[in-house]
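Trainee: compute the structure for the input listed below.
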Amino acid sequence: MVNPIAPRTRKVRVLATLGPASSDAAMIRSLMLAGADAFRINMSHGAHETHAKVIAAIRGLEKEVGRPSTILADLQGPKLRVGRFADGKVQLQTGERFTLDRDTTPGDVSRVELPHPEIFAALTPGARLLVDDGKIVLRAEEVEPDRVITRVEVGGAISNNKGVNVPDVVVPLPALTEKDRRDLAFALEEGVDWVALSFVQRPEDVAEARRLIGGKASLLAKIEKPSAIDRLDEILELADAVMVARGDLGVELPPESVPPLQKRIVESARRLGRPVVVATQMLESMISTPTPTRAEVSDVATAVYDGADAIMLSAELAAGAWPEESVAMMNRISTAVEKDPAHGDRVHFTKTIPDPTTADALAEAAGQIARTISAAAIICFTSSGSTARRIARERPSVPLLVLTPKLQTARRLGLLWGAHAVNTKDVASFEEMVAKSKRMALRAGVAKGGDRLILVAGVPFGTPGSTNVLHIVRLQGDELKGHKS
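Mentor: Numbers count the residues shown, from 1 in each chain. Predicted coordinates for the structure are as follows:
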């Protein structure tokens, strides 16, 4: 029998996208056991009724697997698309002119509808329009209120409703479309833990989403637009977490610029203590084959060495032929990297400077003391999760066991590096804190007789934001006698 609250030895988290190939309860259970720590529901596809069943299946497995489940609802965002063609598609020739306009008449080789007036208002001559994930490149030459004449710089086939990216300008689109607002209301009603905001361009987008969420879920900002990079620190200040969304980021920017930007985003998020997810095409070849390429393995390893909180699988699980194998592979790669003796030094390349607060000072000290005295684990008591986030920012070398009386907090911590959250009754006294810490450490299997534990908490107990206690205890041999595993 597996210990019901045994934490994963792996510290980086695996975020698994669910879809047609991975949405039934049996498969979700298999993915959990294979190593999935959190689940992403892509609101771009599927009906609310289908998503509700998936959410219920995830929650229904919590007791069996013995850990809180973490669910992220990913909003579609303002996706820009061309209209339709009379023959379904046309072939654009490099060097020719091509017009985008507001005319709803089906398009041809000379023109097509672009049903987004905001683009016409934002475009200037010289700006690029990238169609179908950048396969076709158009350069604006003449811009009018209802028409833009472009020159085809990279030609090819263009068909109905292909996506359009406009990387050179900030398009004044609302942060959330009407579809997003409906999806958000549904997700919050279903009690999801995280909401991902797509195509963030400016801090105001994050502020608007946070206002609508109203504290009912944590907010993750997806960084996939060049304009978001320009205001990254402001966005990070407002978001609870960020995602390096390399799909659209790699469309709107030259491919060679994405790796350094990935490192910059990860480092910036870590400095501010925001969980950061690296996503898109991590094990892409496993959509159709049971093993990844060596380059994909190296890509996953790089994110782990950089200290990302979570790494995400997308189409590999949602539509792939090998969903369980993909999670197992991600788990094996991450585990192998974290066993590398050099891993600890590499994740500390990023310097995290604590804020001048008691809570930050204790969080930093906990990691240092753990290394100095070879503690078995850090045990953190928290109501909001903020203490756990502060400790995880320091990337401690020992397990982080988080005890919280709020199930909502325990669930939200599923994207946090190294944190193993347990929903348990709060303590009322110092003596009870010490006793419960020892008991839970033994039950979770993170300590044995003779080991030392570092406890971090706030007094008075049950008061959010009051972290002011760091205490070291040793597990005595006689304390093991009464413990039931």
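Trainee: going forward, measure contacts and count neighbours with C-alpha atoms only.
Mentor: Noted.
Trainee: shouldn't residue 403 be in contact with residue 382?
Mentor: Yes - with contact defined as C-alpha atoms under 8 Å, residue 403 reaches residue 382; the gap is 6.4 Å.
Trainee: what about the spatially most central residue of the chain, which helix or strand?
Mentor: By C-alpha atoms, centre = their mean, the chain has its centre lying nearest to residue 277, at 3.9 Å. Assigned by DSSP states H and E, residue 277 belongs to strand 276-279.
Trainee: ok, back up a step: beta partners for the residue nearest to the centre of the chain?
Mentor: residue 243, residue 310 (DSSP bridges).
Trainee: spit out the contact partners of it.
Mentor: 241, 242, 243, 244, 308, 309, 310, 311, 312 (C-alpha atoms under 8 Å, 6 or more residues apart in numbering).
Trainee: give the buried residues for the helix or strand containing the last one.
Mentor: When elements are assigned from DSSP H and E, residue 312 belongs to strand 310-313. Residues of strand 310-313 classed as buried by neighbour count (16 or more other C-alpha atoms under 10 Å): 310, 311, 312, 313.
Trainee: format the CA atom coordinates belonging to it as PDB.
Mentor: Taking Å, rounded to 0.1, in the frame of the first residue of the first chain, the C-alpha atoms of strand 310-313 are listed here in PDB:
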ATOM      1  CA  ALA A 310       6.500  23.600 -13.500                       C
ATOM      2  CA  ILE A 311       6.800  22.100 -17.000                       C
ATOM      3  CA  MET A 312       3.800  21.600 -19.200                       C
ATOM      4  CA  LEU A 313       2.600  18.900 -21.600                       C
END
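Trainee: residue 378 sits in which helix or strand?
Mentor: Residue 378 belongs to strand 377-381, assigned by DSSP H and E.
Trainee: what is the neighbour count of residue 35?
Mentor: 22 (other C-alpha atoms under 10 Å).
Trainee: do the same with residue 410
Mentor: The burial count assigned to residue 410 is 27, neighbours taken as other C-alpha under 10 Å.
Trainee: contact partners for it?
Mentor: Listed by C-alpha under 8 Å, 6+ apart, the contact partners of residue 410 are 68, 385, 402, 404, 421, 422, 423.
Trainee: show me what contacts residue 433?
Mentor: residue 427.
Trainee: show me the strands in the stretch 201-350 of the chain, by range?
Mentor: 218-223, 241-245, 276-279, 310-313 (DSSP state E, counting those that start in this stretch).
Trainee: report all helices and strands that the first one contacts.
Mentor: When you say that, I think you mean strand 218-223. Judged by 3 or more C-alpha pairs under 8 Å, 6 or more residues apart in numbering; DSSP states H and E, the packing partners of strand 218-223 are strand 194-197, helix 203-213, strand 241-245.
Trainee: also the last one?
Mentor: Taking 3+ C-alpha pairs under 8 Å, 6+ apart as the contact definition, the neighbouring helices and strands of strand 310-313 are strand 13-18, strand 276-279.
Trainee: what lines up beside the longest one in the sheet?
Mentor: Which is strand 13-18. strand 38-42 (parallel), strand 310-313 (parallel).
Trainee: still on that earlier bit, C-terminal to the strand holding residue 378, what's the next element?
Mentor: Defined by DSSP H and E, the subsequent element after strand 377-381 is helix 386-393.
Trainee: buried residues, the very next helix or strand once past that following helix. List them.
Mentor: Next helix or strand after helix 386-393 toward the C-terminus (DSSP H and E): strand 400-404. Within strand 400-404, the residues scored as buried using 16+ other C-alpha under 10 Å are 400, 401, 402, 403, 404.
Trainee: could you do stretch 33-46 as well?
Mentor: Buried residues in stretch 33-46 (16+ other C-alpha under 10 Å): 34, 35, 36, 37, 38, 39, 40, 41, 42, 43.
Trainee: would CSV of those residues with pLDDT and distance to residue 467 be doable?
Mentor: Putting the buried residues of stretch 33-46 into CSV (pLDDT from 0 to 100; distance: C-alpha to C-alpha, whole Å) gives the following:
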residue, pLDDT, distance to residue 467
34, 94, 35
35, 95, 32
36, 96, 31
37, 96, 27
38, 97, 27
39, 98, 30
40, 98, 32
41, 98, 34
42, 96, 36
43, 96, 37
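Trainee: and of those, the nearest to residue 409?
Mentor: Lowest distance from residue 409 to those (C-alpha to C-alpha) belongs to residue 38, with 13.9 Å.
Trainee: quick check: residue 390 vs residue 81, distance?
Mentor: According to C-alpha to C-alpha, to the nearest Å, residue 390 stands 41 Å off from residue 81.
Trainee: and if you look at residue 457?
Mentor: 51 Å.
Trainee: when those two are compared, which one has more neighbours?
Mentor: With neighbours defined as other C-alpha under 10 Å, residue 457 and residue 81 compare such that residue 457 has more, 27 against 18.
Trainee: what's that one in contact with, if anything?
Mentor: 380, 381, 382, 466, 467, 468, 469, 470.
Trainee: please list only the buried members of those residues.
Mentor: 380, 381, 382, 466, 467, 468, 470.
Trainee: burial of residue 79, as a residue count?
Mentor: Residue 79 has 13 nearby residues by other C-alpha under 10 Å.
Trainee: give the helix, strand or coil label for it.
Mentor: Under the three-state scheme (DSSP: H, G, I helix; E, B strand; the rest coil), residue 79 adopts coil.
Trainee: distance of it relative to residue 103?
Mentor: Residue 79 sits 19 Å away from residue 103, going by C-alpha to C-alpha.
Trainee: ok so, going back, and which of the contacts of residue 277 is nearest residue 331?
Mentor: Out of the contacts of residue 277, the member with the shortest distance to residue 331 (by C-alpha to C-alpha) is residue 311, at 10.1 Å.
Trainee: give me the below-cutoff pLDDT ranges for the stretch 351-485 of the chain.
Mentor: Applying pLDDT under 70 to the stretch 351-485 of the chain picks out residues 477-485.
Trainee: my error: substitute the chain in the last question.
Mentor: Using pLDDT under 70, the chain drops low at 1-6, 477-485.
Trainee: for the contacts of residue 410, give me TSV that also has distance to residue 340.
Mentor: Compiled in TSV, the contacts of residue 410 are given as follows (distance: C-alpha to C-alpha, whole Å):
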residue	distance to residue 340
68	29
385	29
402	25
404	31
421	25
422	28
423	32
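Trainee: which parts of whatever helix or strand residue 360 lives in are buried?
Mentor: In this structure, residue 360 sits in helix 358-373 according to DSSP H and E. Buried residues in helix 358-373, counted by 16+ other C-alpha under 10 Å: 359, 360, 361, 362, 363, 364, 366, 367, 370.
Trainee: same check on stretch 130-141?
Mentor: 130, 131, 132, 133, 134, 136, 137, 138, 139, 140, 141.
Trainee: and if you look at stretch 318-338?
Mentor: By 16+ other C-alpha under 10 Å, the buried positions in stretch 318-338 come out as 318-331, 333-335, 337-338.
Trainee: what of stretch 140-158?
Mentor: Buried residues in stretch 140-158, counted by 16+ other C-alpha under 10 Å: 140-141, 143, 146-155, 158.
Trainee: with only the CA atoms kept, save that stretch in CSV.
Mentor: This file holds the C-alpha atoms of stretch 140-158, laid out as CSV (Å, rounded to 0.1, in the frame of the first residue of the first chain):
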residue,chain,number,x,y,z
ALA,A,140,1.7,46.5,-44.4
GLU,A,141,2.3,49.1,-47.1
GLU,A,142,-0.9,51.2,-47.0
VAL,A,143,-3.1,51.4,-44.0
GLU,A,144,-6.7,52.8,-44.1
PRO,A,145,-9.5,52.6,-41.5
ASP,A,146,-11.2,49.6,-43.2
ARG,A,147,-8.4,48.3,-45.4
VAL,A,148,-4.7,47.4,-45.3
ILE,A,149,-2.7,46.7,-48.4
THR,A,150,0.2,44.4,-47.8
ARG,A,151,3.2,42.9,-49.6
VAL,A,152,3.6,39.1,-49.4
GLU,A,153,7.1,38.6,-48.0
VAL,A,154,6.7,34.8,-47.4
GLY,A,155,4.0,33.2,-49.5
GLY,A,156,2.1,29.9,-49.3
ALA,A,157,-1.3,28.5,-48.9
ILE,A,158,-3.8,30.4,-46.8
